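*Asks:* Predicted model follows, preceded by the sequence.
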Amino acid sequence: MELVLRPYQPSDVESLVKHANNFNISKYLTNKFPFPYEKKDGEAFIQLALSHNPLQIKAIVLNGEVIGSIGVHQLADIYSKSAEIGYWIAEDFWGKGIVPLAIKEMLKYGFDTFDIERIFARTTHTNLASQQVLKKTGFIFEAELKDTIFKNGEYFDELIFGFRKHQLSKEQN
């Protein structure tokens, strides 16, 4: 298994659309991630991913094929020492240990690239797999906000998990 995180390339659009066009993925993401996910969506996303300097979004590539995406986005103003991490992976690859590897690599990249002290992730209370992945990679549960997410006609609780820069050196020892 050759797993790589790398910048998107225009030629990734077909594999991106193939794997992103899945309701079971979109239901856990913001409304910016549409379903159905079409070629125009993939092209726009790749253009967005390549527009940031430094790079914020990387393709999760397995054996040469894009199977997901991961990003670290630094916040602004009084929140500037924090960044949000977001990710998704094709359903065929759920539960195979790929996302924890990608998160660990992206944590290192995020702390090395941005002037931040904390990387956090948000998920719904129903996304148990993402909660487990975050805990497995060293994220600590920080907060639960009741009924703050409205998606597909229903409310969800928002769970926030955080990872601090000082944890990175502890995790590597």
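*Replies:* On my side now, so go ahead. Numbering: from 1, shown residues only.
*Asks:* Ile103 reaches Lys135, doesn't it?
*Replies:* No - taking contacts as C-beta atoms under 8 Å, Ile103 lies outside contact range of Lys135: 11.2 Å. Where you see a C-beta, it was placed from the backbone N, CA and C, and this is true even at glycine.
*Asks:* out of those two, which sits in the more crowded spot?
*Replies:* Ile103 (24 against 12; other C-beta atoms under 10 Å).
*Asks:* mind listing what the more buried one touches?
*Replies:* Contact partners of Ile103, counting by C-beta atoms under 8 Å, 6 or more residues apart in numbering, are Ile70, Ile85, Tyr87, Val133, Leu134, Thr137.
*Asks:* Just to be sure, it is in a helix?
*Replies:* Yes - Ile103: assigned to a helix according to DSSP: H, G, I helix; E, B strand; the rest coil.
*Asks:* In the sheet, which residues pair with the residue most central in space within the chain? Tell me.
*Replies:* Central residue of the chain (C-alpha atoms, centre = their mean): Tyr87, 1.8 Å from the mean position. Beta-bridge pairing for Tyr87 (DSSP bridges): Ile70.
*Asks:* gap between it and Ile119?
*Replies:* Relative to Ile119, Tyr87 is positioned 12 Å away (C-beta to C-beta, to the nearest Å).
*Asks:* Tell me where this structure has helices.
*Replies:* 13-20, 23-26, 39-51, 98-113, 128-136, 165-172 (DSSP state H).
*Asks:* which parts of the third one are buried?
*Replies:* Within helix 39-51, the residues scored as buried using 16 or more other C-beta atoms under 10 Å are Asp41, Gly42, Phe45, Ile46, Ala49.
*Asks:* ok, now the fifth one?
*Replies:* Going by neighbour count (16+ other C-beta under 10 Å), the buried part of helix 128-136 is Ser130, Gln131, Val133, Leu134.
*Asks:* Nearest to Leu62 among the residues you listed?
*Replies:* Nearest to Leu62 among the buried residues of helix 128-136 is Val133, at 16.4 Å by C-beta to C-beta.
*Asks:* got the contact list for that closest one?
*Replies:* Val99, Pro100, Ile103.
*Asks:* Could you tell me how far it is located from Pro34?
*Replies:* Val133 is 23 Å from Pro34, by C-beta to C-beta.
*Asks:* again with Glu14
*Replies:* For Glu14 relative to Pro34 (C-beta to C-beta), the value is 17 Å.
*Asks:* repeat for Ile46
*Replies:* Ile46 is 15 Å from Pro34, where distance means C-beta to C-beta.
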